[in-house]
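Asker: one predicted model, sequence on top.
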Amino acid sequence: MLAAIHLENFEAGRYEQIHGYRYFVPNPIDRPWIWCESKINRLLEVAARKAGELNGFSDFVPDLDRFMKMHLTHEAVLSSKIEGTQTDIDEALLSVKYIEKERKDDWREVHNYVETLQYALQRMKTLPLGTRLIKETHRILMKNVRGRHKNPGEFRRSQNWIGGTGPQNAVYVPPLHTYIPALMSDWEQFLHNDSLDVPDLIKAALLHYQFESIHPFLDGNGRMGRLLISLFLVEKKVLDKPVLSLSVYLEKNRRAYYDALNRVRENNDMTSWWIFFLEAVIFSVEKTMQGLRQTLELKNRLKSLLTSHFRSTNALLLLDYLFEKPVLSISEVSDMTGVTYKAAANMVKRFEQLDILKKKALDGKTFVYSFEPYLQMFRD
């Protein structure tokens, strides 16, 4: 039995020097963990209870899967924004053919994030979360975007760094690549070590910190690390579905997020990181539940409105579709409802008059229509 790590006496790791710069080597985490900080226990209790409430509430949301794509896109936009990507929710919902050439990489990063999460959730039905799955999903995350030439799907074999122009003036330099196999092996063992009496939410905080400290890929580590939080919480059934938009809090508190991670390495302050992480979970659960409530209220209100203005059920079909695809063209409305283009155009015009859809010109001759009451919920 390995000796327990006492949180208050925790040592994060060590710095080593090479070629004029120093890099950080985190200590292994696959150990029992013990702590005395009462604030952690209080936050842990609240976070676990809130996660349970979210699961229970989600069970009563009709067509939850229809809303999932929008929530995943929102999470992808914010997670990518933390890394400097400029795509917003409105742009992310457009077809790539309408995206300016210089912004296509940003757009693809967001869409790759959604595709990666969906792929991983499906793959986890037959393959447990671990380094093999992480490499597979990282390959999708980096497909046709910046960093696509930096060995996607493979752990790095050279030095990387965060901030600065090189490791000599970087904000943070992760361990030498030769340490990665042992460190990621320890990371994976901790992930699957059910003999440790460590709550899953604390485990998620530790796994994220350690992954970001190792920085095992040449690029995409931040997005991958945040994506892994959702995958882990779903695998451990803390969440039934990946509806938790943790990046809402992390992007809103980006500086505090990075500072909390750095304080672990610089000051051995794992306590503050756990507190920050649990507060992020609590905020994000409450925000997600608020969003689901607003979505249900909006749908019920608009359903009543449309029932009083339309005799055909096609309007209600379009309303359902808008929650899945809130930016669309008249041709898409026609295809979805099965009516003629002219009938679809008339229906869209009525939706405009009711302030449900708003017309938007893309290139002077191409128009799309946005579901404004819904999109407003996801704009910063």
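Answerer: Sure, I can see it.

Asker: all strands for the chain, in order.
Answerer: For the chain, strands defined by DSSP state E occupy the ranges 5-6, 13-18, 21-26, 33-34, 327-328, 357-361, 367-371.

Asker: out of those, which one sits most buried?
Answerer: Mean neighbour count, computed with mean count of other Cβ atoms under 10 Å, is highest for strand 327-328 among those, reaching a mean of 22. Placement of C-beta: from N, CA and C, glycine included.

Asker: that one: how far from the chain's middle?
Answerer: 23 Å (Cα atoms, centre = their mean, to the nearest Å).

Asker: and for stretch 147-164?
Answerer: 21 Å.

Asker: and the gap between the closest residue to Val339 other than its chain neighbours and Val171?
Answerer: In space, and not counting its chain neighbours, Val339 is closest to Asn314: 6.0 Å by Cβ to Cβ, 6 or more residues apart in numbering. Distance of Asn314 to Val171, given as Cβ to Cβ, to the nearest Å: 55 Å.

Asker: the two: who's more crowded?
Answerer: The residue with more neighbours, out of Asn314 and Val171, is Asn314; 18 against 10, by other Cβ atoms under 10 Å.

Asker: what residues are up against the more buried one?
Answerer: Asn314 is in contact with Thr337, Gly338, Val339, Ala343, Met347, counting by Cβ atoms under 8 Å, 6 or more residues apart in numbering.

Asker: out of these, who has the most neighbours?
Answerer: Neighbour-wise, the contacts of Asn314 (other Cβ under 10 Å) top out at Met347, 23 neighbours.

Asker: gap between it and Asp355?
Answerer: In terms of Cβ to Cβ, Met347 sits 15 Å off from Asp355.

Asker: swap in Val348?
Answerer: 13 Å.

Asker: can I get the strands of the chain in a markdown table with distance to Arg42 and mean pLDDT?
Answerer: Formatted as a markdown table, the strands of the chain follow (distance: least, Cβ to Cβ, whole Å; pLDDT from 0 to 100):
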| stretch | distance to Arg42 | mean pLDDT |
| --- | --- | --- |
| strand 5-6 | 19 | 94 |
| strand 13-18 | 28 | 96 |
| strand 21-26 | 27 | 97 |
| strand 33-34 | 17 | 96 |
| strand 327-328 | 42 | 94 |
| strand 357-361 | 45 | 94 |
| strand 367-371 | 40 | 94 |
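
Asker: I'd like the ones you listed as CSV, with distance to Val243 appended.
Answerer: Output for the strands of the chain, formatted as CSV (distance: least, Cβ to Cβ, whole Å):
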stretch, distance to Val243
strand 5-6, 32
strand 13-18, 34
strand 21-26, 31
strand 33-34, 28
strand 327-328, 21
strand 357-361, 25
strand 367-371, 19
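
Asker: closest to Asn193 out of those?
Answerer: Ranking the strands of the chain by proximity to Asn193 (Cβ to Cβ) places strand 33-34 first, at 11.2 Å.

Asker: elements contacting the closest one?
Answerer: Using 3 or more Cβ pairs under 8 Å, 6 or more residues apart in numbering; DSSP states H and E, the elements in contact with strand 33-34 are strand 5-6.

Asker: check which helices and strands the strand it packs on sits against.
Answerer: Under the contact rule (3+ Cβ pairs under 8 Å, 6+ apart), strand 5-6 is packed against strand 33-34.

Asker: how about a markdown table for the contacts of Asn314, with distance to Ser213 and pLDDT added?
Answerer: Converted to a markdown table, those look like this (distance: Cβ to Cβ, whole Å; pLDDT from 0 to 100):
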| residue | distance to Ser213 | pLDDT |
| --- | --- | --- |
| Thr337 | 51 | 92 |
| Gly338 | 54 | 93 |
| Val339 | 56 | 94 |
| Ala343 | 58 | 95 |
| Met347 | 54 | 96 |
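
Asker: tell me which of these is nearest to Ala47?
Answerer: Using Cβ to Cβ, Thr337 comes nearest to Ala47 of the contacts of Asn314, at 42.8 Å.

Asker: excluding sequence neighbours, find me the nearest residue to the closest one.
Answerer: If the residues on either side of it in the chain are set aside, Thr337 comes closest to Asn314, at 4.5 Å by Cβ to Cβ, 6+ apart.

Asker: check Ala280 too.
Answerer: Sequence neighbours aside, Tyr249 is the residue nearest to Ala280 in space, at 4.3 Å (criterion: Cβ to Cβ, 6+ apart).

Asker: where do the helices sit along the stretch 1-150 of the chain?
Answerer: With helices called from DSSP state H, counting those that start in this stretch, the stretch 1-150 of the chain shows them at 38-59, 64-82, 89-92, 104-123, 131-141.

Asker: any residues touching the fourth one, and which ones?
Answerer: Helix 104-123 has contacts (Cβ under 8 Å, 6+ apart) with 69, 72-73, 75-77, 79-80, 83, 85-87, 91-92, 94, 96, 99, 129, 133, 136-138, 140-146, 223, 227, 230-231, 234, 242.

Asker: having no further points to raise, I will conclude here.
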